[in-house]
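**Student:** Sequence plus the predicted model coming up.
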Amino acid sequence: MSQKHLQTKAKSLNSISSKTSILSEQEVLNIRQDFPVLSQSINGNPLVFLDNAASSQMPRQVIERIQKYRETDHANVHRGVHTLSQRATDDYEKAREKVQKFINARHSEEIIWTSGTTNGINLVAASLAGDYIKEGDEIIISEMEHHSNIVSWQIHCVSRGTKLKILPVDDNGELEIEKLDELITERTKLISLIHISNVLGTINPVKEVIAKAHQHNIPVLIDGAQGSAHGPVDVQDLDCDFYVFSGHKIYGPTGIGVLYGKKEWLEKMNPVSGGGDMIQTVSFEGSTWNELPYKFEAGTPNMDGAIGLGAAIDYATNIGMSTISAYEDTLLKAATEAIDEIPGVDILGRAKNKSSIISFTMGDIHPHDVGTILDYEGVAVRAGHHCAQPLMDRYQIPATTRASFAVYNTFEEIEKLAAGIRKVKEIL
């Protein structure tokens, strides 16, 4: 697909923006101005950042908000009567309320700060290892899971004698939902499922899975690392029991994440980390736990991370998550068409309902070589198994090259990606 073709396509898509909330070319250019990192050159070429599934960039508004906290309000929260501590606590808890609103949780105490998606999954796995999931019980995950949603449960299975069952993926990269009924038994105690595949881009029918699971009184955890960044999330509408995501996927800082849990579940679960802030009373004879959400937040928290995530949520919400999703969908369609026009390039995952992630292979050319040559052209992509080795095994490939798009990417950058892929073919 030529650059002229892409520009024509962009104008056509933007002409219907009033009906579909697709961003105009000028609006995208304005958004790009908010991201300082995008103004640099790599190897003499303007940076084209297409590694957003690993970590999106931070806008100036988030960077400045974190800096303001560090310069004027840095103090430990919940522990001080002085002004700085009170200001820090207020901003920290306001950020929690922003998360609550962002995912439409019923209560702010259902929002638990974590260090990221992985930490959230591990917290649930460790806590449910107590009285709820016992030897001989079963946990269902899918074949497309990130390692975080595999290894956490494998550790659980080894320590508790539970069994892990796998929902398969078809050739198009879609879950074989019809096989879920076969996997569910009276011993099934949890289903843990990725919302959007970080490799295939598949948007899974999680609401359907949750409804089916609840018919059997089975709780469901959703890995929303990608889902939270690419469209609206309503945990009450989904009716999921747990939802986890990371700040750095949604224009926020690293080292901060969220575990949402239904209040009735969080109240039954025991804390897995001990220390300050998660206790009510402590004596050598025993201790009692603090109320939610603090029961699960031991020690000094990541205050600037939480405040930064709050600012990132403000930023994304101001654009509109539905608007972000609609615009990224146009990028996905244009990039898919552009790559499909290049002989010898195969896209992994052709799900009908897909988010802005494209993983591809180029015959015997190793993805690391593809990524290296693209980097010479200033195009940043991810190459490897993307923490999804079982999925690579499913398709009998060692790795893929992955391009993933965000709200600040452009149709011109898609053409640069396609040109870079053609250069790979010329060189290798």
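**Tutor:** Yep, that arrived. Worth saying up front: this structure is predicted, and the values here are computed from it rather than measured.

**Student:** which residue of the chain sits farthest from its center?
**Tutor:** When distances to the mean C-alpha position of the chain are computed (CA atoms, centre = their mean), the maximum falls on Glu285, with 41.9 Å.

**Student:** Let me see the confidence value for that residue.
**Tutor:** Reading off the confidence values, Glu285 has pLDDT 88.

**Student:** gap between it and Ser115?
**Tutor:** Distance of Glu285 to Ser115, computed by CB to CB, to the nearest Å: 32 Å. Just so you know, the C-beta spots here come from the backbone N, C-alpha and C atoms, and that holds for glycine as well.

**Student:** and what of Asn122?
**Tutor:** Distance, Asn122 to Ser115, by CB to CB: 10 Å.

**Student:** His214 too?
**Tutor:** His214 sits 29 Å away from Ser115, taking CB to CB as the criterion.

**Student:** These two: which is more packed in?
**Tutor:** Ser115 (18 against 15; other CB atoms under 10 Å).

**Student:** Tell me who's in contact with the more buried one.
**Tutor:** Applying CB atoms under 8 Å, 6 or more residues apart in numbering, we find Ser115 in contact with Gly255, Ile256, Gly257, Asn302.

**Student:** Find the nearest non-adjacent residue to the last one, please.
**Tutor:** Read that as Asn302. Excluding the flanking residues, the one nearest Asn302 by CB to CB, 6 or more residues apart in numbering is Ile256, at 5.1 Å.

**Student:** And the one you found, what's its pLDDT?
**Tutor:** Confidence per residue is given as pLDDT, and for Ile256 that number is 98.

**Student:** Where does Lys101 fall, secondary structure wise?
**Tutor:** Using DSSP states H and E, Lys101 sits in helix 83-103.

**Student:** still on that earlier bit, now do the contacts for the residue nearest to Asn302.
**Tutor:** Under the contact definition (CB under 8 Å, 6+ apart), the residues listed for Ile256 are Trp113, Thr114, Ser115, Gly116, Ser246, Gly247, His248, Asn302, Gly305, Ala306, Gly308, Leu309.

**Student:** What is the three-state secondary structure of the last one?
**Tutor:** Taking DSSP: H, G, I helix; E, B strand; the rest coil as the rule, one finds Leu309 in the helix state.

**Student:** Can you give me the neighbour number for it?
**Tutor:** The local packing of Leu309 (other CB under 10 Å) involves 32 other residues.

**Student:** outside of the helix holding Lys101, which residues touch it?
**Tutor:** When contacts are taken as CB under 8 Å, 6+ apart, the neighbours of helix 83-103 outside the stretch itself are 69, 73-80, 105, 107-108, 110-111, 113, 228, 233-235, 243, 258, 260, 293, 301, 303, 306-307, 309-310, 313-314, 317.

**Student:** Assign a three-state SS to Thr288, would you?
**Tutor:** Of the three states, Thr288 takes strand under three-state DSSP.

**Student:** That one pairs with what?
**Tutor:** With DSSP bridges applied, Thr288 shows beta-bridge pairing to Thr281.

**Student:** my read: it touches Pro271, true?
**Tutor:** No. With contact taken as CB atoms under 8 Å, Thr288 and Pro271 are classed as non-touching, separated by 11.0 Å.

**Student:** more neighbours, those two?
**Tutor:** Summary of the neighbour comparison: Thr288 and Pro271, criterion other CB under 10 Å, with Pro271 having more neighbours (18 against 9).

**Student:** distance of the more buried one from Glu291?
**Tutor:** According to CB to CB, Pro271 and Glu291 sit 12 Å apart.

**Student:** and what of Met278?
**Tutor:** With the distance defined as CB to CB, Met278 ends up 10 Å from Glu291.

**Student:** What segments of the stretch 101-250 of the chain are helices?
**Tutor:** Under the criterion DSSP state H, counting those that start in this stretch, the stretch 101-250 of the chain carries helices at the ranges 117-128, 148-160, 180-183, 206-215, 235-238.

**Student:** list the contacts for Pro59?
**Tutor:** Applying CB under 8 Å, 6+ apart, one finds that Pro59 lies in contact with Asp34, Phe35, Tyr251, Ala312, Tyr315.

**Student:** Which helix or which strand is home to the closest residue to it other than its chain neighbours?
**Tutor:** Distances taken as CB to CB, 6+ apart place Asp34 nearest to Pro59, at 4.0 Å, with adjacent residues excluded. Assessed by DSSP H and E, Asp34 sits outside every helix and strand.

**Student:** For Arg70, which non-adjacent residue is spatially closest?
**Tutor:** Of all residues apart from its sequence neighbours, Asp304 sits closest to Arg70 (CB to CB, 6+ apart), at 6.0 Å.

**Student:** Do you know the pLDDT at the one you found?
**Tutor:** At Asp304 the predicted local confidence, pLDDT, stands at 95.

**Student:** if I look at Ala95, how far off is Pro367?
**Tutor:** Summarising the geometry, the distance separating Ala95 from Pro367, computed by CB to CB, is 37 Å.

**Student:** now Ile103
**Tutor:** Distance of Ile103 to Pro367, given as CB to CB: 34 Å.

**Student:** Same check on Met321?
**Tutor:** Using CB to CB, which is the criterion applied here, Met321 is 31 Å from Pro367.
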